[in-house]
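Q: Need a 3D model of the following:
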Amino acid sequence: MSGETVITIVGNLVDDPELRFTPAGAAVAKFRVASTPRIFDRQTNEWKDGEGLFLTCSVWRQAAENAAETLTRGMRVIVQGRLKQRSYEDREQVKRTVYEIDVDEVAPSLLRASAKVTKNPAGGGGQQQANGQASADSWGAAQPAQQRPPQQAGGWGGGQPAPAAAPTPAAAPGYRRGTASR
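A: Got it, this is the predicted structure:
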């Protein structure tokens, strides 16, 4: 959205994500990320920790369930989302301001770790194939673009069938893998 501050933060999870559900049934996971810069002290010739930044993050719906299932305390993560400022009064009637992130994307950092990605079925359930069986791979169940019926009106191309795909370099005559073009 226009005018929102999009931020990307890399840091460690302070605690496990806390998964809750709204009365309407939407999943929301909250977690805190600590990002601490490393600063080189030229006088002592050592690296030291700078001032830590702690941000509370909220992620919604299927991504919330995935985050709660995948992420754990201490894990290094990359979070991208919209920075929000919220003010409130505490129990002693002191006005406080907090900064939080409405998360668009969250993932484990692969700098010092590896991960195995498992796709979730679209809409929380498998898609039905022509034979009535559920497909575990919702991406594999999609019909390839060249086999879809042409558009009848409007849309990209104004109702005309799509042109034939250009040949890949490997199919071009005289193409040899690993050679520079002449």
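Q: only C-alpha atoms for contact and neighbour calcs from this point on.
A: OK.
Q: any idea how far residue 24 is from residue 102?
A: 19 Å (CA to CA, to the nearest Å).
Q: So for those two, which sits in the more crowded spot?
A: Legend: neighbour count by other CA atoms under 10 Å for residue 24 and residue 102, higher for residue 102 (19 against 6).
Q: looking at it, the more buried one is touching residue 84, isn't it?
A: Yes: assessed by CA atoms under 8 Å, residue 102 is found in contact with residue 84 at 7.2 Å.
Q: mind listing the strands for this protein?
A: 5-13, 18-21, 27-35, 38-41, 46-49, 53-60, 76-89, 95-108, 127-128, 134-135 (DSSP state E).
Q: and the first one with strand 95-108, angle?
A: For the pair strand 5-13 and strand 95-108, the angle between their directions (axes from the mean of the first three to the mean of the last three CA atoms, to 10 degrees) equals 70 degrees.
Q: Residue 38: neighbour count?
A: 12.
Q: Spatially, which residue comes closest to it, not counting chain neighbours?
A: Distances taken as CA to CA, 6 or more residues apart in numbering place residue 49 nearest to residue 38, at 4.8 Å, with adjacent residues excluded.
Q: so what's the one you found up against?
A: Going by CA atoms under 8 Å, 6 or more residues apart in numbering, residue 49 touches 36-39.
Q: Just grab the bridge partners of residue 6 for me.
A: As for beta bridges, residue 6 partners with residue 82 under DSSP bridges.
Q: so it sits right up against residue 81, yeah?
A: Yes: Residue 6 is in contact with residue 81 according to CA under 8 Å; the separation is 5.5 Å.
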